[in-house]
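K.L.:
Whatever this is, show me its structure:
(chains A and B)
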Number of protein chains: 2
Amino acid sequence: MPTIVVDVMPKAELLDPQGKAVAGALTRLGHEGFAAVRIGKRFELTVDAADEATLATVRQIAAEILSNSVIEDVVGIEVVE
Amino acid sequence: MPTIVVDVMPKAELLDPQGKAVAGALTRLGHEGFAAVRIGKRFELTVDAADEATLATVRQIAAEILSNSVIEDVVGIEVVE
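P.N.:
Sure, this is the predicted structure:
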């Protein structure tokens, strides 16, 4: 069955404390060259059919249910296999 | 600066209670056609340069720091812009 991937990230203008913590850990562990880390969510929705109607529904679900539009952006919706 | 995206998902053979909850919510809200939902993490690492050495470091970091190999798989590492 096809899978639709929805990527949700914290808005760029907001602090992402979880990402900051990981970036700090990388520096402490000796990994140079990482300017910033941001952490978001990846939803894999297994659907019966990846037709245009389903994609429209997924766009609506992504905006209304999978993300909190006050603090997050839906950065990608794509059909895989 | 280039960004490297690392996608981490719960292993397929493990229960994903968060995804199950979302799948149940979708059904309750009247959205048909969603067989399963799984929720993972998307890391955006902003790097100074996306060269081969950095990518090798990111592969190591993804396996050792960003994911818990007992319950999660790194499903993708890709350079964006």
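K.L.:
CA only for contacts and neighbour counts going forward, please
P.N.:
Fine.
K.L.:
okay, now A:G30: neighbour count?
P.N.:
Neighbourhood size, A:G30 [other Cα atoms under 10 Å in any protein chain shown]: 8.
K.L.:
In terms of pLDDT, where does it sit?
P.N.:
pLDDT, A:G30: 93.
K.L.:
What distance do you get for it to A:A23?
P.N.:
Distance, A:G30 to A:A23, using Cα to Cα, to the nearest Å: 11 Å.
K.L.:
what's the answer for A:E44, then?
P.N.:
26 Å.
K.L.:
Check the secondary structure at the closest residue to A:E44 other than its chain neighbours for me.
P.N.:
Distances taken as Cα to Cα, 6 or more residues apart in numbering or on different chains put A:V5 closest to A:E44, at 4.6 Å, once the chain neighbours are dropped. Put simply, A:V5 is strand when judged by DSSP: H, G, I helix; E, B strand; the rest coil.
K.L.:
can you pull up the bridge partners for A:V5?
P.N.:
Beta bridges link A:V5 to A:E44, A:E78, judged by DSSP bridges.
K.L.:
Hmm, A:V74 and it touching each other?
P.N.:
No. The criterion here is Cα atoms under 8 Å, and A:V5 misses it with A:V74 at 10.9 Å.
K.L.:
Okay, A:T3 and A:L55: tell me how far apart.
P.N.:
Using Cα to Cα, A:T3 is found at 11 Å from A:L55.
K.L.:
The two: which has the busier surroundings?
P.N.:
A:T3 (21 against 17).
K.L.:
Could you give the number of residues near the nearest residue to the more buried one once chain neighbours are set aside?
P.N.:
Nearest non-adjacent residue to A:T3, counting by Cα to Cα, 6+ apart: A:T46, 4.4 Å away. Using other Cα under 10 Å, the number of residues around A:T46 comes to 21.
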